[in-house]
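Trainee: Build me a structure from this.
(2 chains)
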Amino acid sequence: EAEVAQSPRYKITEKSQAVAFWCDPISGHATLYWYRQILGQGPELLVQFQDESVVDDSQLPKDRFSAERLKGVDSTLKIQPAELGDSAMYLCASSPRTSGTYNEQFFGPGTRLTVL
Amino acid sequence: QKEVEQNSGPLSVPEGAIASLNCTYSDRVSQSFFWYRQYSGKSPELIMSIYSNGDKEDGRFTAQLNKASQYVSLLIRDSQPSDSATYLCAVRRLNSKLTFGKGITLSVRP
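Mentor: I've put the predicted structure just below:
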C-alpha cells in the first residue's frame, strides 16, 4: 500500500540547534505539503510544493525555516535555530495534483519535535 | 469568525450509538470538504471526502454537506470503542490550501 514516509519519527533537540526532517511522498504524487500541528489544534500549512517549485510558503517563518524539494520527489524541512515554541508535530502530506476539486491529501506518520 | 469551526467537545457516546460531529465554515466559495480521524499521537487519516450537497455514505460513516447553511457533518453509526479519536474537519476552496478545524474528541464508552 502506498504511503508517505517521514523520518525521524521523534526528535529531541536543544534550543538554538539545527534540525531537519525528511519526507518521501506517495509515488507519482506531484504535490507535497509540510504542516505543523500544535497539541490541541488542527494542522497548519507551512509550505506547499508542486513538483520542485514552491506554490505557497506564506506561513513559513523564513527567518528560521527552510524547505526544499530539489528533484521534485522527496523533501527536507529544516529549522535553524530551533526555539522552544517550535515543539510540535511536523506532518508531511502528498496529493496527486494541486488544482481541482477532487484533490485528497494523505499524511505521513509525522515527526514529533521537542525543543528543550 | 474562525474559518472552520468545530464543537469543542469532547463528545462521549455509548457503544452502538450514533455519534454526530458538526463543522461550520465561513468561506462561501469552499468546494471540497474532508473528515480526518486522528488517534492520539498519530497523524491524520482521511476517512471521508464530500463535494456536493447531500449525504455520502461509506460503511458506518455518513458525511452530510449543506453549502447554503455552510456546514458539514459526520455521522458514525454503531459507534465502537475503536472510533475513539479526534476528528478533524477540513475545508478547501478551489485551487487553495486546506484549512483545518481544531478537531473534536470522540470517546465511545464500552
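Trainee: Now do stretch A:62-79: distance to the chain's middle.
Mentor: Centroid separation for stretch A:62-79 versus its chain: 8 Å, with Cα atoms, centre = their mean, to the nearest Å.
Trainee: For it, give the mean pLDDT please.
Mentor: Stretch A:62-79 carries an average pLDDT of 95.
Trainee: which residues sit against it?
Mentor: A:18-25, A:30, A:32, A:34, A:46-47, A:49, A:51-52, A:54, A:57, A:60, A:80-83, A:86, A:90, A:92, A:113 (Cβ atoms under 8 Å, 6 or more residues apart in numbering or on different chains). In short, each C-beta sits where N, CA and C put it, glycine included.
Trainee: ok, and does stretch B:84-91 reach over to chain A?
Mentor: Yes. Using Cβ under 8 Å from any Cβ of the partner chain, stretch B:84-91 reaches chain A at B:88, B:90.
Trainee: any idea how far chain B is from the residue positioned nearest the centre of chain A?
Mentor: Nearest to the mean C-alpha position of chain A, counting by Cα atoms, centre = their mean, stands residue A:34 at 2.5 Å. According to Cβ to the nearest Cβ, to the nearest Å, residue A:34 and chain B sit 12 Å apart.
Trainee: and residue A:22, how many neighbours?
Mentor: Residue A:22 has 15 neighbouring residues, counting by other Cβ atoms under 10 Å in any protein chain shown.
Trainee: For chain B, what is the nearest residue in chain A?
Mentor: For chain A and chain B, the shortest gap (Cβ to the nearest Cβ) falls at residue A:42, measuring 3.0 Å.
Trainee: who's the closest residue to that residue other than its chain neighbours bridged to?
Mentor: The shortest distance from residue A:42 to any non-neighbouring residue, by Cβ to Cβ, 6 or more residues apart in numbering or on different chains, is to residue B:100 (3.0 Å). Here residue B:100 sits in beta bridges with residue B:90, as judged by DSSP bridges.
Trainee: Am I right that residue B:100 is in contact with residue A:44?
Mentor: Yes. The pair residue B:100 and residue A:44 qualifies as a contact (Cβ atoms under 8 Å) at a distance of 7.4 Å.
Trainee: Who has more neighbours out of these two?
Mentor: With neighbours defined as other Cβ under 10 Å, residue B:100 and residue A:44 compare such that residue B:100 has more, 23 against 16.
Trainee: what's that one in contact with, if anything?
Mentor: Residue B:100 makes contacts with A:42, A:43, A:44, B:4, B:36, B:88, B:89, B:90, as judged by Cβ under 8 Å, 6+ apart.
Trainee: any chance of the residues you listed in TSV, with pLDDT too?
Mentor: Shown next, in TSV, are the contacts of residue B:100 (pLDDT from 0 to 100):
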residue	pLDDT
A:42	96
A:43	97
A:44	96
B:4	95
B:36	98
B:88	97
B:89	97
B:90	96
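Trainee: can you list those residues in CSV and add secondary structure?
Mentor: Shown next, in CSV, are the contacts of residue B:100 (DSSP: H, G, I helix; E, B strand; the rest coil):
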residue, secondary structure
A:42, coil
A:43, coil
A:44, strand
B:4, strand
B:36, strand
B:88, strand
B:89, strand
B:90, strand
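Trainee: Redo those as CSV? Include distance to residue B:107.
Mentor: CSV is the format used below for the contacts of residue B:100 (distance: Cβ to Cβ, whole Å):
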residue, distance to residue B:107
A:42, 19
A:43, 22
A:44, 25
B:4, 22
B:36, 18
B:88, 16
B:89, 18
B:90, 22
